[in-house]
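1. My questions are about this predicted structure, shown below with the sequence.
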Amino acid sequence: MAIPAIPAPVRQIASKLAQPQPMRRGSVSQRTMQCGKPNCACAQDPKARHGPYYSLTQAVDGKTRSRFLTPDQAAIAEQQIATGRGFRQQVDTFWEACERWADVELECTPSASSEKAEKGGFKRSFKSASPKKSKRS
């Protein structure tokens, strides 16, 4: 019963996963804002709002966290997020390839005995002890 060698697809995906890259989870959003000054043009005209402002939003320890980014930082963060999504897809592909490999390994092992399993398991060869008497009686 020889264990199958590491399949080429598993080896290829593993080598890709082993190459670290900056990546992150989350999303980048762009928005314009109203400043709150009553005499500012943004108070009357939505097209005159301030911005655009970019923010990175992530879930950290069950809480949503956001931070403002410059336009250059937003472009980098979007690339990092795309890299992270690609990494997750590669991990899923790796997992599936490893499961196929595991199936091959199971097929290479000798099959279970041809005897049918009986319900009830084994029988006791001794009698159970009588229940202990209560101290109250």
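-> Sure thing, it's come through.

2. now the residue nearest to residue 55 when sequence neighbours are not counted: how far from residue 31?
-> Once flanking residues are discounted, residue 55 sits nearest to residue 66: 4.9 Å by Cβ to Cβ, 6 or more residues apart in numbering. Where C-beta positions appear, they are placed from N, C-alpha and C, glycine not excepted. Using Cβ to Cβ, to the nearest Å, residue 66 is found at 11 Å from residue 31.

3. Could you tell me which residues touch both of the two?
-> Residues within reach of residue 66 and of residue 31 at once, by Cβ atoms under 8 Å, 6 or more residues apart in numbering, are residue 55.

4. for the chain, what spans make up the strands?
-> Using DSSP state E, the strands of the chain run over 27-33, 50-60, 63-69.

5. give me the number of residues near the residue nearest to residue 93 when sequence neighbours are not counted?
-> Among residues not flanking residue 93 along the chain, residue 13 sits closest, at 5.8 Å (Cβ to Cβ, 6+ apart). Residues near residue 13, counting by other Cβ atoms under 10 Å, number 19.

6. Before I go, just wanted to say thanks for your time.
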